[in-house]
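1. give the three-dimensional model of this entry:
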Amino acid sequence: MTTQKGLNEVVINKVQRMIENKAVGVQATMERLVNEGKIAQDYIAPIGVELRRNDHSPIITFSGNGHVLMNMQSGQYTLHDNAIGQLADKMGIPSRYLRQLASGDEWQRQLAATVLNEHSGWTQRTRVLIRTVGQQVRGVLSDSYRRLNSVEILTAFVQEASQQGAVIADAYMSDTKVWAETILPQPIVVPTVKNGEVVIFAGARFSTSDYGDGAVDMRAFLLNGACLNGMVRESVMKQVHLGSRLPDNLQLSNRTYELDTRTTVSAVRDLTRGLFSKDNIMQKAIEIQGAAEIDVDFDQELKRLVKAGSLLKSEGESVEKILMRNDPDDGVQGGATLWKLTQAITAHARELEPRRSRELHEISGALLNRVKVTA
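-> Now for the predicted structure:
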């Protein structure tokens, strides 16, 4: 492997411009995470047949006036689609059916509220954790959900990456999840047998959700300097937000909240250092070389990905067009290899909305699991 010495400055400048263009979005992501954290509230709500047996009135009810609403003592709240899906899962209602009702006509919304009221009264589940932001329920979670301070954890990731010499390449926050990608500004050139020289900026990606939309997750992040295609490898941290049963008074669990956050911060710092280590970066470069030596049938591979539900049919068709175009500006050049396929998938990801784009980064990276790297 060679370093950036003698590398065409056009590639470095292109990545630098990308980072500068993303700076406003990165700042907005950080501000949103902090601001929403300030107004987020947690409630423990008893539900189910046990409440009914004790002749207690329901603590939460649902109505379908304009939107499907959750009614609690603290007020009336709209339900985010994420919360709708979680309610369906916890109450044994088909998720797709409930989502269709909740977003349908007035009679469908009323039916959704009726279904939720009946199921919440008869479910065997006794309590749920309800997480709100303002007047919207974003998550309906287990009463054993481990509450973590995402601001502290993400800050620790960014700080540790910076200490390793990395910069933030991009960040994005949806209603229910946050991502941040960091890279080293010094690229490496990976010579391959069948796909030419690949210019890679190595780094790490962090993601988490405060609303049950994914575990705390960290992955190696690779950015192709020629085309700005992103890719992530397998997770090195799969920390699910589950712990002991939360007390009715959540103030009593603040000590646990702080300790769990501190433990996760420590793990994130350690894993970040590992992802930026020379050995790890070298391994990723060797994986690229290995993928560029594996011949594949693009048509069969895309059909398999579509059949498995990894790609939509339209996405598979778009990837196929990119492969046929064979444009180095898409990171696609040389022979019909596994590496070329991954780059066509991530090239298409550039055209998608931020969340789906990152999902394709994971789909693409998972294909490299076929490469066997010996120690």
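
2. show me which helix or strand of the protein is least confident by mean pLDDT.
-> helix 49-53 (a mean of 78; mean pLDDT, DSSP states H and E).

3. gap between the helix or strand following that one and the chain center?
-> Next helix or strand after helix 49-53 toward the C-terminus (DSSP states H and E): strand 61-63. With Cα atoms, centre = their mean, to the nearest Å as the basis, strand 61-63 stands 31 Å off its chain's centre.

4. what stretches of the stretch 201-350 of the chain score poorly on pLDDT?
-> Along the stretch 201-350 of the chain, the parts satisfying pLDDT under 70 run over 239-252.

5. helices of that one, start to end?
-> 254-275, 278-291, 298-307, 313-325, 338-349 (DSSP state H, counting those that start in this stretch).

6. may I see the buried residues of stretch 169-186?
-> Within stretch 169-186, the residues that count as buried by 16 or more other Cβ atoms under 10 Å are 169-174, 176-184. For glycine as for every other residue, the C-beta is placed from the backbone atoms N, C-alpha and C.

7. wait, which of those residues is closest to Tyr145?
-> Nearest to Tyr145, judged by Cβ to Cβ, of these is Thr176 at 13.7 Å.

8. wasn't that closest one part of a strand?
-> No: per DSSP: H, G, I helix; E, B strand; the rest coil, Thr176 lies outside any strand segment and is coil.

9. OK, contacts around it?
-> By Cβ atoms under 8 Å, 6 or more residues apart in numbering, Thr176 lies in contact with 80, 82, 138-139, 209-213.

10. for the least confident helix or strand of the chain, C-alpha coordinates in PDB please.
-> This file holds the C-alpha atoms of helix 49-53, laid out as PDB (Å, rounded to 0.1, in the frame of the first residue of the first chain):
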ATOM      1  CA  VAL A  49     -55.000  -7.100  31.600                       C
ATOM      2  CA  GLU A  50     -53.500  -6.700  35.100                       C
ATOM      3  CA  LEU A  51     -54.600  -3.100  35.200                       C
ATOM      4  CA  ARG A  52     -58.100  -4.200  34.200                       C
ATOM      5  CA  ARG A  53     -58.200  -7.000  36.800                       C
END
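
11. what packs against it?
-> If you count contacts as 3 or more Cβ pairs under 8 Å, 6 or more residues apart in numbering; DSSP states H and E, helix 49-53 packs onto helix 106-122.

12. which positions within the helix it packs on qualify as buried?
-> Within helix 106-122, the residues that qualify as buried are 109-113, 115-117, 119-120, counting by 16+ other Cβ under 10 Å.

13. same for it, what does it pack against?
-> Counting by 3+ Cβ pairs under 8 Å, 6+ apart, the packing neighbours recorded for helix 106-122 are helix 49-53, strand 61-63, helix 81-91, helix 95-102.

14. and the angle from that helix to helix 81-91?
-> What separates the directions of helix 106-122 and helix 81-91 is an angle of 40 degrees, with axes from the mean of the first three to the mean of the last three Cα atoms, to 10 degrees.

15. could you give the angle of helix 106-122 to helix 95-102?
-> Interaxial angle, helix 106-122 versus helix 95-102 (the same axes, to 10 degrees): 130 degrees.

16. after helix 106-122 comes which helix or strand?
-> Past helix 106-122, the next helix or strand by DSSP H and E is strand 127-133.

17. buried stuff in the helix or strand just after that following strand?
-> For strand 127-133, the following helix or strand on the C-terminal side (DSSP H and E) is strand 136-141. Residues 137-141 are the ones in strand 136-141 that count as buried (16+ other Cβ under 10 Å).

18. what residue is smack in the middle of the protein?
-> Ser207 (5.4 Å; Cα atoms, centre = their mean).

19. hey, what's that residue bridged with?
-> Taking DSSP bridges as the rule, Ser207 bridges to Trp179, Asp217.

20. using CSV, lay out the contacts of Thr176 together with distance to Met70.
-> Output for these, formatted as CSV (distance: Cβ to Cβ, whole Å):
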residue, distance to Met70
His80, 11
Asn82, 13
Arg138, 11
Gly139, 12
Ser209, 20
Asp210, 18
Tyr211, 14
Gly212, 16
Asp213, 18
